[in-house]
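Colleague: here's a sequence, model it:
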Amino acid sequence: MRVQLSEIKASTPRVRQSQSPEKLDELAQSIREEGVIVPVKVRKNGDSYTLVYGHRRVAAAKMAGLTEIEAIVEDVPEKKLLTQALIENVVREDMPAIEIAKALQGILNDTGCTQEELAKKMGWASHKVVSNHLAMLAPELGLERSTKGFLGTISERHVREAKIGTDNLKDAAKVLRYAGDKIRRLLVDRRYTGWGTDCRWPGGGDDQGQGESGQI
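Modeller: Numbering: from 1, shown residues only. I've put the predicted structure just below:
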């Protein structure tokens, strides 16, 4: 059904905290040309609707000048709001791993489910994907301090590779910090634009946390 954008309120807490202005502009332009292809999901809340997922589509639809949007209306239980929103963001959108980690921690706190149960809800093969995400929040890893400016581009895979050969998060932090410092210098030289396919683990060996791809 079609719902007035003015009647849709953002859910609290939101799973996704960051948005790329450039990507939002691109999405708004796509909506102007093609409309909203994938409906958002909302739940009825009195005279308005609470957004379950689709925050970017709602924001871009407003930018595109729309007044209403195609939506799935479902009576989603409070405890499932965060889980459904996270699954949608992980599957459909390029969500920073650190935000996934915070949402996973929130789900564990709110529902009391185990990491194994949460991994199954997310469709992940192993609970280690959950634990590696949660490791990003550990004070011992110190990601927000040691990788400032690159935090949004670090993935669960980077943490997994950094932990190869050690169970000590402080050792893994040294690997990430070393890689971050190296890439930061490369960026200053204007040879690279981010943690992409050309930004490899400095040193290139397994002792630097290199996985199958050898990249960070």
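Colleague: show me where pLDDT drops low in this protein?
Modeller: Within the chain, the segments meeting pLDDT under 70 span 12-18, 91-94, 140-153, 167, 177-216.
Colleague: and the strands in it?
Modeller: Taking DSSP state E, the strands of the chain run over residues 2-4, 8-9, 40-45, 48-53, 68-73.
Colleague: quick one: list the elements packing against the third one.
Modeller: Judged by 3 or more Cβ pairs under 8 Å, 6 or more residues apart in numbering; DSSP states H and E, strand 40-45 is in contact with strand 8-9, strand 48-53, strand 68-73, helix 78-92. The C-beta positions use only the backbone N, C-alpha and C, and glycine is treated the same way.
Colleague: next: the shortest one.
Modeller: Counting by 3+ Cβ pairs under 8 Å, 6+ apart, the packing neighbours recorded for strand 8-9 are strand 40-45, strand 48-53.
Colleague: now those strands in CSV, with mean neighbour count and distance to residue 168?
Modeller: CSV is the format used below for the helices and strands packed on strand 8-9 (neighbours: other Cβ atoms under 10 Å; distance: least, Cβ to Cβ, whole Å):
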stretch, mean neighbour count, distance to residue 168
strand 40-45, 19, 41
strand 48-53, 20, 37
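Colleague: so which of the ones you listed is nearest residue 81?
Modeller: strand 48-53 (6.0 Å; Cβ to Cβ).
Colleague: just want the angle from the closest one to strand 40-45.
Modeller: 140 degrees (axes from the mean of the first three to the mean of the last three Cα atoms, to 10 degrees).
Colleague: so strand 48-53 versus helix 78-92, what angle?
Modeller: Angle of strand 48-53 versus helix 78-92, following the same axes, to 10 degrees, is 50 degrees.
Colleague: domain boundaries for this protein, per the record?
Modeller: As given by automatic domain parsing, the domain ranges for the chain are 2-89, 97-208.
Colleague: now residue 28: how far from residue 4?
Modeller: Distance, residue 28 to residue 4, using Cβ to Cβ, to the nearest Å: 18 Å.
Colleague: swap in residue 118?
Modeller: According to Cβ to Cβ, residue 118 and residue 4 sit 35 Å apart.
Colleague: can you check residue 133 too?
Modeller: Residue 133 is 36 Å from residue 4, by Cβ to Cβ.
Colleague: and what of residue 74?
Modeller: In terms of Cβ to Cβ, residue 74 sits 18 Å off from residue 4.
Colleague: what sits against residue 129?
Modeller: 119, 122, 156 (Cβ atoms under 8 Å, 6 or more residues apart in numbering).
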